[in-house]
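> What shape does this take:
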Amino acid sequence: MIKKLKPSIYQESIFEFVKNGEGNCVIEAIAGSGKTSILKEIVNIIPSNKRVLMIAFNKSIVDELQRRIQLDNVKIHTSHALGYSMLKSHFKFQNHTPALSVDAFKYRNYIKKQFKDLTLGIEFKDKTEVEDFVEVVLSLIDMCRLYLCETNEDIEKIAEKYNYAVNSDHIRIIKNCIKWGKENLETIDFGDMIALPNYFNLSINSFKYDWILSDESQDFSVAQQELVKRCIKKNGTRCVFVGDGKQAIQSFAGADNEAFQKLKQLPNTISLPLSLNYRCPRFVEDIAKRYVPEFEVFNKNRNGIIKHNVLVKDIKDDSIVICRKTQPLIEMYLRLIKDNRKCYIKGLDIGQSIVEIIEKLDSPYISTNLEGDGIIPRLYKQLFSHRESIIKKFKIDIYDATNESSVQQKLETINVIKALSDGIDETYQLIDRCKKIFNQTNEGICLITNHKAKGLENDVVYHLCPSLLPDKRAKKDWEVQTERNLEYVLYTRTKNEFYTISEEDFPPPQGSRDVKEMISYLNNIEQKLKILYDSKEDVEKSTKVVEMKPIIPIIKTEKSEEIHNKQNNLVNKLIDTKEKIRKFERIMVGKKISECYEIFNDFGITSDIRVVSVNGKELDHIENGSKDTINVDVDNIWDKVVMKIVGIGKPR
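Just a heads-up that it's a prediction; the model follows:
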């Protein structure tokens, strides 16, 4: 039988406030102090005739609370579910009830359909500039709704906070899109769920509660704060906001970095500490006090183990590996898998966001080596376009622009996708790999970012690439504070052992700390892209089509004639399609005729297709009209572009 611990002095003070106090309370709960447990105890103290609303940070916490708290007078929601319910209730009795169907791409689809009208009078130099413009607009539509922006000044303020280079065109379109979103409610996205109840100034009696309890209150956005206030009665509602200001790490995603202080300033509100940690070993106390001076570890906890510069081969099974950046986690995953170690990267949403980025770029190839058009070249083009807009907007030099956080974020995205693309060059393979790596199987070593690690605990924790934390590029006060908070979160995940992984054995990504080196590297990339796309334009302007002639195949099977006819018809379709012929030509440019035969032979189709000539001229190799040649992964492209069209099947 497990003996129940006696409440600490901090817990007793909180229980006394709930039983006999008045007004509201902000509980300043340190990491590992049992926030969920304290909320459960508070609910049990509240009389059963009082209506209670509990706000949880995400759906998994809602599920946990619903499992632990099964009381008829208690409603448990995420803030998004609360806002969605309020909208449905509000429109239920209107003359026209909008569908309110959830569509995560509501605003993207609107901009796509109305792009010409929205951007009337704006000149774009190329497709990359258009894509960068749209992404800035979409990102700020999301951010501005979290801050309940309505005026041009509101939008400019948020753009400046998050380092978005915007002009009057951006602001006009963002403002128009938010206005359109309020008026068109057949579909709503997740941002609408918490913004629209505030924009519409909803006050619904059925959503007024006697008690409101919330966890992770330090990460409330402005919209979430105001949404919760809409559930307060004019007289009688008591609120308990639980959180830890030193674990406020979601500002990058639109959380209000002043949320906890604002909650403390509500009328008739007191603050109570919850400063005893029941999770961590004793050695963590001295480390944690650097960030939270009042941090205490329960005196019966283990002493624990801390050790630096351990090797990758010594990482224990079922442990947690935490890193500030995603790219090293992917590289660690690939290394562990190669060593036959079970592992996974926690963060299904990370994988989904990467897949979304890839799909938007709409290219069948990755082209990590920049030898042809593809995902990586297009991402670099977006990065350079974005950096140029920042230089112009803020009148800064290339050094400061490269060091700017949004540029760094784009660069990390490229590096993540490059790491994921190791050994492959087709987009469908990359998407499949993302789905495999980023999963929730929870089998083996857990690889996770600092942001995702919040709320988790494990007996054994490793810190990967410790030199990446804090991020040296954090400049603004809220960015610097977030990095300190991430350090605090890191050290308070362990229940017994904490290790740092040797950077000699597993070095950080190249160029991740030296901006000068990074600029030099990017300059080299930019030159390669110029050559690539200049060459591509030349090829598209005067493409020399490779003439291909189907030849009767020598296939000794019972269905030889049938196979021949099928293949012959499909090959003719290929020849008749100009764009597909151009793709085939680009595959073969720079290859010797003998190499072409070797390639065909590898696929078992030597007798089906052969290169006869280019523009009627017999050649010993295939030219593109210039000294440059295009070298590509022929096997992958051949399979993608030709094999499926010809219908011959997989290589023999």
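
> Would you map out the domains in the chain?
Following automatic domain parsing, the chain resolves into domains at 9-89+198-278, 101-184, 353-411+512-541, 544-646.

> Output those in CSV, with mean pLDDT and distance to residue 294 appended to each entry.
Placement of C-beta: from N, CA and C, glycine included. Shown next, in CSV, are these (pLDDT from 0 to 100; distance: least, C-beta to C-beta, whole Å):
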stretch, mean pLDDT, distance to residue 294
domain 9-89+198-278, 93, 5
domain 101-184, 93, 30
domain 353-411+512-541, 84, 31
domain 544-646, 43, 58
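
> and of those domains, who's closest to residue 494?
domain 9-89+198-278 (9.7 Å; C-beta to C-beta).

> hmm, back to that, quick one: the domains of the chain as a markdown table, columns for distance to residue 325 and mean neighbour count too.
Listed next are the domains of the chain as a markdown table, based on distance: least, C-beta to C-beta, whole Å; neighbours: other C-beta atoms under 10 Å:
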| stretch | distance to residue 325 | mean neighbour count |
| --- | --- | --- |
| domain 9-89+198-278 | 13 | 18 |
| domain 101-184 | 18 | 16 |
| domain 353-411+512-541 | 7 | 17 |
| domain 544-646 | 28 | 15 |
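
> Just put those domains in CSV and tack on distance to residue 430.
As requested, the domains of the chain are exported to CSV (distance: least, C-beta to C-beta, whole Å):
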stretch, distance to residue 430
domain 9-89+198-278, 25
domain 101-184, 19
domain 353-411+512-541, 6
domain 544-646, 12
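
> And stretch 246-263, end to end?
With C-alpha to C-alpha, to the nearest Å as the measure, the ends of stretch 246-263 fall 15 Å from one another.

> Dihedrals phi and psi, residue 504?
With angles defined as degrees, to the nearest 10, residue 504 sits at phi -80, psi -40.

> how many neighbours does the residue lying closest to it once chain neighbours are set aside have?
Nearest residue to residue 504, sequence neighbours excluded (C-beta to C-beta, 6 or more residues apart in numbering): residue 309, at 7.6 Å. Here the count is done by other C-beta atoms under 10 Å, and residue 309 has 12 residues near it.

> re earlier: any idea which of the domains of the chain gets closest to residue 289?
Residue 289 lies closest to domain 9-89+198-278 among these, at 10.5 Å (C-beta to C-beta).

> Doesn't residue 27 belong to a strand?
Yes. With DSSP: H, G, I helix; E, B strand; the rest coil as the criterion, residue 27 is part of a strand.

> okay but it is in contact with residue 270, surely?
No. Between residue 27 and residue 270 there is no contact under C-beta atoms under 8 Å: 9.9 Å.

> Relative to residue 384, how far out is residue 526?
Applying C-beta to C-beta, to the nearest Å, one obtains 6 Å for the distance of residue 526 from residue 384.

> circling back: element containing the residue nearest to residue 504?
In this structure, residue 309 is located in strand 305-310 according to DSSP states H and E.

> quick one: buried residues of that strand?
For strand 305-310, burial by neighbour count (16 or more other C-beta atoms under 10 Å) applies to residue 310.

> and it, which strands flank it?
The strands beside strand 305-310 in its sheet (DSSP bridges) come out as strand 494-501 (parallel).

> what's the offset of the partner strand from the middle of its chain?
Distance of strand 494-501 from the chain centroid (C-alpha atoms, centre = their mean, to the nearest Å) equals 26 Å.

> now stretch 191-208
28 Å.

> Stretch 97-104 now?
Taking C-alpha atoms, centre = their mean, one finds the center of stretch 97-104 at 24 Å from the center of the full chain.

> you'd agree residue 85 is up against residue 75?
No. Applying C-beta under 8 Å, one finds residue 85 not in contact with residue 75, separated by 9.1 Å.

> could you check the distance from residue 503 over to residue 255?
Distance, residue 503 to residue 255, by C-beta to C-beta: 31 Å.

> Residue 497 now?
Going from residue 497 to residue 255 by C-beta to C-beta gives 31 Å.

> what's the helix or strand hosting residue 213 packed up against?
Assigned by DSSP H and E, residue 213 belongs to strand 211-214. Using 3 or more C-beta pairs under 8 Å, 6 or more residues apart in numbering; DSSP states H and E, the elements in contact with strand 211-214 are helix 35-45, strand 52-56, strand 238-243.
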